[in-house]
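Peer 1: Here is my input, please return the structure:
(one chain, ligands or ions: 2)
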Amino acid sequence: MIDFEKFAKYSKPGPRYTSYPTALEFNERFNADSYIQALNKNTDLPLSLYVHLPFCKSACYFCGCSVIYTSKEDKKQEYIKYLKKEILLLKKYVDVNKEVLQFHFGGGTPTFYDAKSLEIVLKSIRDVFVNFSENAEISCEVDPRYFNEDQMKVLRDYGFNRLSFGVQDFDNDVQQAVHRFQSFDLVQSAVDLAKRYGIECINFDLIYGLPKQNLDSFKKTLDSVLRIKPTRLAVFNYAHVPWIKKTMRKIDENELPSPAVKLSIFEYTINYLTSNGYKMIGMDHFALENDELYKASLRGELKRNFQGYTAKKHTQTIGIGVTSIGEGHDYYVQNHKDLNEYIRCLDNGVLPIHRGLQLSNEDILRKNIIMKLMNNFRLDIKRIEQKFNINFKEHFKDELDGLREYIDLGFLKIDDNQITLSHTGGMLVRNIVMVFDEYLKKIDINNQKFSKTV
Ligand SMILES: C[S@@+](CC[C@H](N)C(=O)[O-])C[C@H]1O[C@@H](n2cnc3c(N)ncnc32)[C@H](O)[C@@H]1O
Ligand code: SF4
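Peer 2: Numbers count the residues shown, from 1 in each chain. Ligands and ions are numbered 1, 2, ... in the order given. All right, here's what the predicted structure looks like:
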């Protein structure tokens, strides 16, 4: 059982650890040349491809994604021209014969492009990356408000087998407060369309902590969700960072639910979903019991990359498009966020790299520990000792002292072989892994860079 009182008390601002070291450490010394060198070294891993389609028609006020708002079709088409240039340029540096295990269209709103445009991008990908695995996970983020049969046909033709729908909340008042309107019927027809074309793996994104939300309104949203019963659900804690995202300033902070209400919503969500056939995965995901993600989590083999959770092997992620992040065994790399910079580089025949990070051996060790704990809520100490040739207790003496407080509270247990988090500890995993983050010592955690855990 999760002790929600303790959970609330110990929650504090902290990184989300989609990467370790976090993006705060990425720097411009890691440039296009560094990336090319890193690609030459990281040749043993299969590939995962991420393509960012950043455009949206209008702003959802809660949105923390990397988005460009536009209604201009020529701007969207120009971007595709540059995506094609980037893909062709990558062909010079990436071993495009390597097996592709994952492909993900993210955004922004990929389905804000029409069917023909999506097909152009997909064709240029498949022309270059010729070795897609038969079992590849091929997925797309879909905004139900922009989704039609022609687009679905293209996705089917290119082997898509997973669609993730942005649902967020079905309540009218909440939708009004966040400037995103979509009815239950609209979402249901979008899902029906996907199912008619054989998509079995359907994910919904929900967010708790939005303005005007309360326990009763969210209960109704969950009831509606269960009428459709997606195979997976991501129930995100709303990350309110108006100092970074301007559109969030349109949200009236007086309308945001209190931490106590947020907790009651999340507690209810966990109980409701787990008593309706879902298993909880990581901090904020749920999957039906027969889903491969749940099976992988039981084996302690769940992985998370920038595309989300996966049960597949480790891959090297190639990020394509503005802001995209790539990742290999010992580096992270990020493309320019600024569209003009991105275009300028490609016009000059240069990979559009903005920044990145070369990981040291110590970074790789800590990344392994942090990711294992984040994803599986447990760590096999012996395996880490063998893999990195260290004595865990000596190497992490200070960190183990730092964990003492959490052990005393019952959030985790440590013996010679394993670190295991309790259910409440799992909810606080971000705080717990912060103990292993060497870089946090250098920064002020309360300087509003990070969102709060509750
Ligand atoms: C790129 S969007 C999904 C695709 C599409 N644009 C849509 O909205 O339907 C990715 C997801 O991130 C989540 N998200 C966006 N901003 C967030 C925030 N500030 N806090 C928590 N989750 C957020 C939303 O659930 C959203 O569905
Ligand atoms: S939530 Fe999706 S549709 Fe809304 S602004 Fe963000 S990326 Fe665009």
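
Peer 1: contacting residues around D291?
Peer 2: 201, 231-232, 279 (Cβ atoms under 8 Å, 6 or more residues apart in numbering). All C-beta atoms are positioned from the backbone trio N, CA, C, and that covers glycine.

Peer 1: of all those residues, which comes closest to E134?
Peer 2: Minimum distance to E134 across the contacts of D291 is 16.0 Å, recorded for C201 (Cβ to Cβ).

Peer 1: Now neighbour count and pLDDT too, for the contacts of D291, in a markdown table please.
Peer 2: Below are these laid out as a markdown table (neighbours: other Cβ atoms under 10 Å; pLDDT from 0 to 100):
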| residue | neighbour count | pLDDT |
| --- | --- | --- |
| C201 | 20 | 94 |
| T231 | 18 | 96 |
| R232 | 22 | 96 |
| K279 | 18 | 93 |
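
Peer 1: Make a markdown table out of those and add secondary structure and distance to ligand 1.
Peer 2: Output for these, formatted as a markdown table (DSSP: H, G, I helix; E, B strand; the rest coil; distance: Cβ to the nearest ligand atom, whole Å):
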| residue | secondary structure | distance to ligand 1 |
| --- | --- | --- |
| C201 | strand | 16 |
| T231 | coil | 16 |
| R232 | strand | 13 |
| K279 | strand | 20 |
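
Peer 1: Can you tell me which of these lies closest to ligand 2?
Peer 2: Ligand 2 lies nearest to R232 out of the contacts of D291, by Cβ to the nearest ligand atom, at 17.7 Å.

Peer 1: Can you give the domain ranges for this protein?
Peer 2: Per automatic domain parsing, the structural domains of the chain span 1-21+361-444, 23-320.

Peer 1: Now do the lengthiest helix in the chain, average pLDDT.
Peer 2: When the chain is parsed with DSSP state H, its longest helix is helix 73-93. Averaged over helix 73-93, pLDDT sits at 98.

Peer 1: Around the closest residue to ligand 2 within the stretch 151-300 of the chain, count how many other residues there are.
Peer 2: Nearest residue of the stretch 151-300 of the chain to ligand 2: G166, at 5.2 Å (Cβ to the nearest ligand atom). G166 has 24 neighbours, counted by other Cβ atoms under 10 Å.

Peer 1: Touching, it and F147? I think so.
Peer 2: No: between G166 and F147 there is no contact under Cβ atoms under 8 Å: 10.4 Å.

Peer 1: circling back to that earlier point, what's the longest helix of the chain in contact with?
Peer 2: Contacts with helix 73-93, where a contact means Cβ under 8 Å, 6+ apart, come from 35-36, 39-40, 51, 53-55, 70, 96, 112-113, 117, 120-121, 124-125, 128, 318, 320-322, 339, 342-343, 346, 349, 351-352.

Peer 1: Which strands or helices does the helix or strand following it pack on?
Peer 2: Note on helix 73-93: by DSSP states H and E, the next helix or strand toward the C-terminus is strand 100-107. Judged by 3 or more Cβ pairs under 8 Å, 6 or more residues apart in numbering; DSSP states H and E, the packing partners of strand 100-107 are strand 47-53, strand 132-142.

Peer 1: Mark which of the contacts of helix 73-93 are part of helices, please.
Peer 2: Counting by DSSP H, the contacts of helix 73-93 contribute 35-36, 39-40, 117, 120-121, 124-125, 128, 339, 342-343, 346 to helices.

Peer 1: hey, C-alpha coordinates of the lowest-mean-pLDDT helix or strand in the chain in PDB?
Peer 2: The helix or strand of the chain with the lowest confidence, counting by mean pLDDT, DSSP states H and E, is helix 4-10 at a mean of 73. Provided in PDB are the C-alpha atoms of helix 4-10 (Å, rounded to 0.1, in the frame of the first residue of the first chain):
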ATOM      1  CA  PHE A   4       0.000   9.000   0.800                       C
ATOM      2  CA  GLU A   5       0.700  11.100   3.800                       C
ATOM      3  CA  LYS A   6       4.400  10.300   3.800                       C
ATOM      4  CA  PHE A   7       4.500  10.600   0.000                       C
ATOM      5  CA  ALA A   8       3.100  14.200   0.200                       C
ATOM      6  CA  LYS A   9       5.500  15.200   3.000                       C
ATOM      7  CA  TYR A  10       8.700  14.000   1.300                       C
END
